[in-house]
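Peer 1: This is a predicted model, with the sequence first.
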Amino acid sequence: MDFDLEDLVNVEQTFYEDGYKDGYAHGRIHGLIEGRALGREKGFEMWEELGFYEGFALMWKAILDAQGAHDERTQNHIRHLLDLIAQFPRVNPSAAATASEAATAEPELDIPRLFRQIRSRYKLLCATLGVRPTLRAADGSSPSPDRPPSDDLADTEMENTPPTGTTRAKSERKKVWTVHDPRTDKPLGGTELSF
């Protein structure tokens, strides 16, 4: 009969090591799955914000070109904002890139720094145009692909309707867009646009 007495003495350590190996492998699999889901969600939020900034800049560039306005400062801010957005990476680098490819590639891009520069340039453009900036990341109301849209009627009181017994929202609904009638509204003192 051949057995190792050392295995009997360290039986707890053996079970601990086996459990650690199994747990590590299991955690790695779930970590990859959760990491991909979180990356997809954050990537969606970032590109939603960048798309807003790019559309904003292109819209104002078209408006200024159509009006023939040649404000050099505004054009400069628009041009710099579009250049910064063009620098933002559009492809996720592969995790399988070899060390030789990494050595020949350009230095790693600082994405948070570039994002701060884009936001700052957007704020400068808004200040130059006399428009109040809306920070897309701060409101947190943007839907992501995995999350259902928020309920706009969550804060609305409901009333019972007598014939059917169902509920409906009272008329004090939260307005999404304010509709202005140019014939009755007083001008706000901002830039008036005509298309």
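Peer 2: Yep, that arrived.
Peer 1: Which of the helices and strands in this protein ranks last by mean pLDDT?
Peer 2: One helix or strand of the chain scores below all others by mean pLDDT, DSSP states H and E: strand 158-160, with a mean of 45.
Peer 1: list the helices and strands the helix ranked longest in the chain packs on?
Peer 2: In the chain, ranked by residue count with DSSP state H as the criterion, the top helix is helix 11-67. In terms of contacts (3 or more Cβ pairs under 8 Å, 6 or more residues apart in numbering; DSSP states H and E), helix 11-67 is packed against helix 72-87, helix 111-129, helix 136-139. Glycine gets a C-beta too; all of them are placed from N, C-alpha and C.
Peer 1: relative to helix 72-87, how tilted is that helix?
Peer 2: Put simply, helix 11-67 runs at 150 degrees to helix 72-87, going by axes from the mean of the first three to the mean of the last three Cα atoms, to 10 degrees.
Peer 1: low-scoring pLDDT stretches of the chain, where are they?
Peer 2: Along the chain, the model assigns pLDDT under 70 to residues 1, 3, 93-107, 135-195.
Peer 1: repeat that for 50
Peer 2: 138-164, 169, 195 (pLDDT under 50).
Peer 1: can you state the direction angle for the longest helix of the chain and helix 111-129?
Peer 2: Per the same axes, to 10 degrees, the angle that helix 11-67 makes with helix 111-129 is 30 degrees.
Peer 1: between the helices and strands packed on helix 11-67, which one is nearest to residue 9?
Peer 2: In terms of Cβ to Cβ, the element of the helices and strands packed on helix 11-67 nearest to residue 9 is helix 111-129, at 52.3 Å.
Peer 1: I would like the residues contacting the closest one, please.
Peer 2: Under the contact criterion Cβ atoms under 8 Å, 6 or more residues apart in numbering, helix 111-129 has outside partners 46, 50, 53, 56-57, 60, 71, 73-74, 77-78, 80-81, 84-85, 87-89, 132-133, 135, 191.
Peer 1: ok, of the residues you listed, which come out buried?
Peer 2: Taking 16 or more other Cβ atoms under 10 Å as the criterion, what is buried in the contacts of helix 111-129 is 50, 53, 56-57, 60, 74, 77-78, 80-81, 84-85.
Peer 1: any chance of these in a markdown table, plus distance to residue 17?
Peer 2: Below are the buried ones among the contacts of helix 111-129 laid out as a markdown table (distance: Cβ to Cβ, whole Å):
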| residue | distance to residue 17 |
| --- | --- |
| 50 | 47 |
| 53 | 52 |
| 56 | 57 |
| 57 | 58 |
| 60 | 63 |
| 74 | 66 |
| 77 | 61 |
| 78 | 61 |
| 80 | 57 |
| 81 | 56 |
| 84 | 51 |
| 85 | 51 |
